[in-house]
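J.: Fold the following for me, if possible:
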Amino acid sequence: MLLVIAHGSRDPRHAATVHALTARVRSLRPGLRVETGFLDFNAPSVPQVLERLAAQGTEDVIALPLLLTRAFHAKSDIPTVLHEARSRLPLLRVRQAEVLGPSPLLNSALERRLHEAGIRPGDRSSTGLVLASAGSTDPEAIAVIAEIARELRHTGWCSVRPAFASAASPAGFPRTEDAVRALRDEGVHRVAVAPYVIAPGRLPDRIAAGAAGADVLADVLGAAPELARLLLTRYDEACSPAAARPAVLTA
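T.: Presented below is the predicted three-dimensional model:
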């Protein structure tokens, strides 16, 4: 079975979006049991879900971080939570799947949201794009965002700038509003902001506020069909004996 692990938020839109996404996953694969657990703020927590599954006799769980990059939560928080749960539940076998990104499916979901916001293929040559992520100090996560921005530059945009919703990164990524301003200063005719985040919350709201000077603000990735397909891809990879798997968490 698949356990989707989301961060959680005090913003009710966050949990609603996560549940909409997992519902779409279930619709794509009706025979797969899909559960959702949260690290913070929302119920049920990850340990609560795992305890319930163990009590029901479940033996194998693929724990999939609902994260776009491998940063602190994927490298520390989630492995710790899963290890502690496994110590208490010795009959439950838990494997942690890879995070969602990078993936061409995420880029497709991003393009879907931009299209829904009014961007057409012919607009790209006169439009500068701000790729706005939540932010991280993790070098691996920063490198992934930079690489996605480089890839997008080759798809017809006149300019692409990565930006963080949080404070400026060690890589020198500006905040969303500063990236928008820089494109304006370059004389870019039209500016679009694409939030590279899954669900609404405090940092996506900060991205939206920083996009006030832009012409177009796309929606968060949310329950995009490409995201649902990607969750199943990561699940299948974790289940495949031929795939390189993260280590089984043992007591």
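J.: can you map out the strands along the stretch 101-250 of the chain?
T.: Ranges of strands within the stretch 101-250 of the chain are 127-133, 159-164, 190-195, 216-217, based on DSSP state E, counting those that start in this stretch.
J.: okay, those strands, which one's buried deepest?
T.: The highest mean neighbour count among the strands of the stretch 101-250 of the chain, using mean count of other C-beta atoms under 10 Å, belongs to strand 127-133: a mean of 28. Placement of C-beta: from N, CA and C, glycine included.
J.: Enumerate every residue touching Arg33.
T.: 1-2 (C-beta atoms under 8 Å, 6 or more residues apart in numbering).
J.: Checking Gly37 next. Helix, strand or coil?
T.: Classification of Gly37 by DSSP: H, G, I helix; E, B strand; the rest coil places it in strand.
J.: count of neighbours near it?
T.: Using other C-beta atoms under 10 Å, Gly37 has 24 neighbouring residues.
J.: what comes into contact with the worst-scoring helix or strand of the chain on mean pLDDT?
T.: Of the helices and strands making up the chain, the lowest-confidence element is helix 72, at a mean of 81, by mean pLDDT, DSSP states H and E. Helix 72 is contacted from outside by 136, 138, using C-beta under 8 Å, 6+ apart.
J.: Measure how far it is from the centre of its chain, please.
T.: 13 Å (C-alpha atoms, centre = their mean, to the nearest Å).
J.: ditto for stretch 68-85
T.: With C-alpha atoms, centre = their mean as the basis, the mean position of stretch 68-85 lies at 14 Å from the chain mean.
J.: Let me have the strands of the stretch 101-250 of the chain in TSV, adding distance to Arg234 and mean pLDDT as columns.
T.: What follows is those, written out as TSV (distance: least, C-beta to C-beta, whole Å; pLDDT from 0 to 100):
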stretch	distance to Arg234	mean pLDDT
strand 127-133	19	97
strand 159-164	23	96
strand 190-195	21	98
strand 216-217	28	98
